[in-house]
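>>> Sharing a model that was predicted from the sequence below.
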Amino acid sequence: MTGPRPLQPRPGVLGITPYQGGESALEGRRDVIKLSSNEGALGPSPKAVAAFEAASHNLDRYPDGAATALRDAIGGRFGLDPARIVCGAGSDEILALLARAYAGEGDDVLYSEHGFLIYPIAAQAVGAQPVKVPEIDLRADVDGFIARAGNRTRLAYLANPNNPTGSYLSGDQLRRLRAGLPPGLMLVIDSAYAEFVTEEDYDSGAALVDETENTIMTRTFSKIFGLGNLRLGWAYGPAHVIDVVNRLRMPFNVSGAAQAAGIAALADRDHEAAAVAHNTAERGRLSQALTEAGIFVPPSAGNFVLARFPGGAPQAQAADDHLKARGIIVRRLAAYGLPDALRITIGLTPEIDAVAAALAEFMALEGAADG
């Protein structure tokens, strides 16, 4: 006699490859340099830490489910209407809720070839088909997105700047993309690294949200604001889209402590400016050092660089092993379709010195072996 058939998940769920974050520990080592998760080099603002600690006195109370004060602070900081802002447990939650709201079985969801792995996961979770759009020279292809947007396409995710390539589309390119996509298709602009960008032609996407009906921009407190542990993100969109997301999100999805820390982080403009200046200087220094060592480093607008090895995937693996032997953790990118590359987060100055020296040593040893 056999028992009842085990309950089966909805179609597509078992086809999901679970997301794996960057490594954070090495067996047998306590003094590691972690440059694998694009965390902010300077950490959170001391004011955000103080606000978080003060919030610990109210742990018995539910938070404001609407995150009213936080939305007001975001709106004031970026010149946006707070009524058209929704907050989430990281921007990941909002990305997933958008797929849940607007896509399903039989639908297509577009994303760039080397885009954030959460995009195809969000699509598969609702039974939709993720469609990878090839990139050109590690940059999202506007014409490729437009060509692949068909009658079944409901969403298009675009990270700008993109992780892990570091490339970005200009404001004009964003507008051309939106104009070429069907009006009924939701364009999701993931601007997680917007605060790090110093290029004058960059546009986070907020203006495009105001100009169109089916565009939404997501942001995070995990990068420049250094609050990754608190899981805090937000989105700015048309009123009708924000209304839909609010209907789907859980009632108290953002903790009170996270809200308090986020408000304080937004107010500390000096800390933010210091983080931008540090990132710009150290990113340039690391890029130059790796280039001089014989590693290809494309321009990056984020808080990381992409290091591509001339020897391909085997050399990238060997370089990763070389770094780990010296207590340095970076990100392997085979899952992103870049097996010949490592992604290196911009850390503190001594950490950048260490990874640059280790990779210069590695490339010198490789050259000696070839000789």
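Structure received. Numbering: from 1, shown residues only.
>>> What about Asn140, how many residues nearby?
Actually, residue 140 is Ala rather than Asn. Neighbour count for Ala140, taken as other CB atoms under 10 Å: 27. (Each C-beta comes from the backbone N, C-alpha and C, glycine too.)
>>> Make 520 the starting number, not 1.
Sure, I'll start counting at 520 from here, so that last one is Ala659.
>>> Now do it against Phe740, distance only.
24 Å (CB to CB, to the nearest Å).
>>> How about Asp787?
From Asp787 over to Phe740 (counting by CB to CB), the distance is 12 Å.
>>> Please identify which of those two sits among more neighbours.
Here Asp787 and Phe740 are set side by side on neighbour count (other CB under 10 Å), and the busier one is Phe740, at 28 against 17.
>>> Can you give me the distance of the more buried one to Ala779?
12 Å.
>>> can you check Asp872 too?
Note on Asp872: its distance to Ala779, by CB to CB, is 36 Å.
>>> So for those two, which residue has more residues nearby?
Ala779 (23 against 15).
>>> Show me the helices in the stretch 570-719 of the chain, by range?
Residue ranges of the helices in the stretch 570-719 of the chain, as given by DSSP state H, counting those that start in this stretch, are 587-597, 609-621, 637-644, 661-667, 690-699.
>>> Can you list the neighbours in contact with stretch 737-744?
By CB atoms under 8 Å, 6 or more residues apart in numbering, the residues outside stretch 737-744 that reach it are 557-559, 563-564, 567, 609-610, 613-614, 707-715, 723, 746-747, 749-755, 777, 780-781, 784-785, 791, 794-795, 798, 822.
>>> how about the CA coordinates for that stretch, as PDB?
Listed in PDB are the C-alpha atoms of stretch 737-744, where the atom choice follows Å, rounded to 0.1, in the frame of the first residue of the first chain:
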ATOM      1  CA  THR A 737      14.100  50.400  -7.600                       C
ATOM      2  CA  ARG A 738      16.800  51.400  -5.200                       C
ATOM      3  CA  THR A 739      18.600  50.000  -2.100                       C
ATOM      4  CA  PHE A 740      20.200  51.000   1.200                       C
ATOM      5  CA  SER A 741      22.500  48.000   1.000                       C
ATOM      6  CA  LYS A 742      25.300  49.600  -1.100                       C
ATOM      7  CA  ILE A 743      26.400  53.100  -0.500                       C
ATOM      8  CA  PHE A 744      24.500  53.400   2.700                       C
END
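>>> pLDDT on it, on average?
Average pLDDT, stretch 737-744: 98.
>>> who does the helix-or-strand element of the chain with minimal mean pLDDT touch, helix- and strand-wise?
Ranked by mean pLDDT, DSSP states H and E, the weakest helix or strand in the chain is helix 868-889, scoring a mean of 91. The contact analysis (3 or more CB pairs under 8 Å, 6 or more residues apart in numbering; DSSP states H and E) places helix 868-889 against strand 552-553, helix 788-811, helix 831-844, strand 847-848.
>>> Tell me which of those is the most buried.
Among those, strand 847-848 has the highest mean neighbour count (mean count of other CB atoms under 10 Å), at a mean of 22.
>>> other SSEs contacting that one?
Strand 847-848 is packed against strand 552-553, helix 868-889, with contacts defined by 3+ CB pairs under 8 Å, 6+ apart.
>>> Around Arg571, how many other residues sit close by?
For residue 571 the amino acid is Phe, not Arg. Residues lying near Phe571 (other CB under 10 Å) number 23.
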